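Asker: Quick one, what's the 3D model for this:
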Amino acid sequence: MKNLLVTGGAGFIGSNFVRYVLRKYQQYNLVVYDKLTYAGNLDNLRDVEDNQRYTFVRGDIKDRQAVEQAIGEYGIDTIINFAAESHVDRSILAPDAFIQTDVMGTYVLLDAARENGIERLHQVSTDEVYGSISEGFFKEGDPLEPNSPYAASKAGAEMLVRAYNETYGLNTVVTRGSNTFGPYQYPEKIASLFITNAIDEQPLPVYGDGMQVRDWLYVEDHCSGIDVALHSGDAGGVYNLGGGNERTNNDVTKQMLELMKKSESLIVPVQDRLGHDRRYALDCTRLHSLGWQPTYSFEEALDVTVRWYQQNEWWWRPIKSGDFKEYYQQQYGDRLRA
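Answerer: Numbers count the residues shown, from 1 in each chain. Below is the predicted model of the structure:
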């Protein structure tokens, strides 16, 4: 393993992973391959753009010719696939892009990997493929019962990964990450949206009763978990990757406001999301057995995250002043007026 193709590497988790690998593995060369859709942003990688072991290629994972050209030109031996349409709310508004990118794009990567002798393909997936669980914890062998178009597209991608491992012997590994937060997250998810809204004294639109439970995972811990599975995971293996931090959306929102010394009056309950899963929870014993453990407590990670957005308005203000406004109005306008 020497030359890594990081698809979707200009997005949130992908860019943090690029930074993590360049820091940890001095012998690795990284090629970030990204279409730069709304959530892909080269500002996410501004601090590594002069690193001689980093290269950026703009491309679509559905473009077989462009993918194979990047593999050949840079001598790629490993692919880590972060590329995906990834926001549940957007998948409800417009599912097509999710099916095309998350399913068809993954197929293109798998087939290109098979044809070009790739040593390992790592598929970055999500705990949402399981659906909701009222009590207990999901294990990797549990049935996949996705409830949103986004979750279904990621589950579909996973089925293709499994098929290419079983049928062609392609060396694959999958991680199913829990609710990830941290720096450089496009401000549509609860942490990045609510922190930036609170900075501007804008409402925080909490879905329904706010009692939905998520397992919160700091992005640096997500990156280290991918690292362990990538290097030590079994061929064809699937690994849950969670932070062990179950919190309701209400609790997280109130904790953010307390850290920021903002009033809870900013919280505005709004109409719930369609098909909103109630609780996600993961049993991560399998990944723990490889030596991985999260290193950040939830409180520490939230504090770091809040301070990052407070100190880096240069990054998020241009985003929230652009096309984001149209999406935000479409998603929350009627809800906030109700």
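Asker: So which residues make contact with stretch 151-166?
Answerer: Residues from elsewhere that reach stretch 151-166, judged by Cβ atoms under 8 Å, 6 or more residues apart in numbering: 84-85, 88, 91, 95, 98-99, 101-103, 106-107, 110-111, 113-114, 121, 123, 125-126, 128-129, 131, 144, 146, 170-172, 174, 235-236, 238. Glycine gets a C-beta too; all of them are placed from N, C-alpha and C.
Asker: same thing with stretch 26-40?
Answerer: 1-12, 14-15, 18, 21-22, 42, 45, 53-61, 67, 70, 74, 76, 83, 85-87, 186, 188, 323-324.
Asker: Helices - which of those land there?
Answerer: Using DSSP state H, the subset of those located in helices is 12, 14, 15, 18, 21, 22, 67, 70, 324.
Asker: Let me know the closest of these to residue 216.
Answerer: residue 12 (14.5 Å; Cβ to Cβ).
Asker: In contact with the nearest residue to that closest one once chain neighbours are set aside, which residues?
Answerer: Leaving aside its chain neighbours, residue 12 sits nearest to residue 185 (4.5 Å; criterion: Cβ to Cβ, 6 or more residues apart in numbering). Applying Cβ under 8 Å, 6+ apart to residue 185 gives the contacts 12, 191, 192, 219.
Asker: Buried only: go through the contacts of stretch 26-40 for me.
Answerer: 3-12, 14-15, 18, 21-22, 45, 53-57, 59-61, 67, 70, 74, 76, 83, 85-87, 186, 188, 324 (16 or more other Cβ atoms under 10 Å).
Asker: So which of the contacts of stretch 26-40 are in strands?
Answerer: 3, 4, 5, 6, 7, 54, 55, 56, 57, 58 (DSSP state E).
Asker: now for the residues you listed, which pair is the farthest apart?
Answerer: Going by Cβ to Cβ, the pair spanning the ones in strands among the contacts of stretch 26-40 furthest: 3 and 58, at 18.4 Å.
Asker: got the angle for the helix or strand where residue 223 lies vs strand 3-7?
Answerer: In this assignment (DSSP states H and E), residue 223 forms part of helix 219-232. Going by axes from the mean of the first three to the mean of the last three Cα atoms, to 10 degrees, helix 219-232 is angled at 130 degrees with respect to strand 3-7.
Asker: Outside of helix 219-232 itself, list whatever touches it.
Answerer: 1, 12-13, 16-17, 20-21, 24, 78, 80, 120, 122, 124, 173, 175, 177, 180-185, 237, 239, 241, 243, 287, 290-292, 294-296, 301.
Asker: So which of those are in strands?
Answerer: 78, 80, 120, 122, 124, 173, 175, 177, 180-181, 237, 239, 241.
Asker: Just confirm residue 130 contacts residue 145, I think it does.
Answerer: Yes - in this structure residue 130 lies within contact range of residue 145 using Cβ atoms under 8 Å: 6.5 Å.
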